[in-house]
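Sequence and computational prediction follow.
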Amino acid sequence: MQSTPRFLSLAIGDPTVFGNLKAPTVAVEAVQQALQTYRANGYTDTEGSAEARSAVAKEYCSDEFQLTKNDVLLANGASGALHLAIGALCPRGSNILLPRPGFTYCVAAQSMEVECRYYDCLVGTPREKELISGRRELAD
């Protein structure tokens, strides 16, 4: 008997809404323990705590590519990271080229007065052609 594939719905961007992504018990206990110290109940650094950024740097560091906490910026989910990236790269009144269909980047872009322009991702079309087409659409 063939089993049915199990899908994780990301339709609304938060897989926890339907109970599909439960935090491991060890993570829940660590958060509870941190909260009980009353030293972790407020705001953290905008870029993420130094301890968390150090842990990420250590995890993704290699002999070829050394990382420190200063190379790491943590965000509140993908939308938060996109908001930071678009805000850093796109001045107000500029435009950004985005694939369609794709993630709703404009949620972040429009709030910063960055115009969203699109290129279509066509099945069976080489990506290079799509990008060339998209670049033409971006040009004013």
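The structure has been received and is ready for your questions. What you see is a predicted model; the values in this text were computed from it and never measured. Numbers count the residues shown, from 1 in each chain.

the bottom helix or strand of this protein by mean pLDDT?
helix 127-138 (a mean of 56; mean pLDDT, DSSP states H and E).

Stretch 55-73 spans what distance, first to last residue?
Start-to-end span of stretch 55-73 (CA to CA, to the nearest Å) is 12 Å.

buried stuff in it?
Val56, Ala57, Leu67, Lys69, Val72 (16 or more other CB atoms under 10 Å). For the C-beta atoms, the positions are set from N, CA and C on the backbone; glycine is no exception.

In helices, which of the residues you listed fall?
Val56, Ala57 (DSSP state H).

Which member of the buried residues of stretch 55-73 is positioned nearest Gly42?
Of all the buried residues of stretch 55-73, the one with the least separation from Gly42 (CB to CB) is Lys69, at 20.1 Å.

All the strands of the protein, residue numbers only.
Secondary structure of the chain by DSSP state E: the strands cover 95-100, 115-120.

Among those strands, which comes closest to Thr25?
strand 95-100 (38.5 Å).
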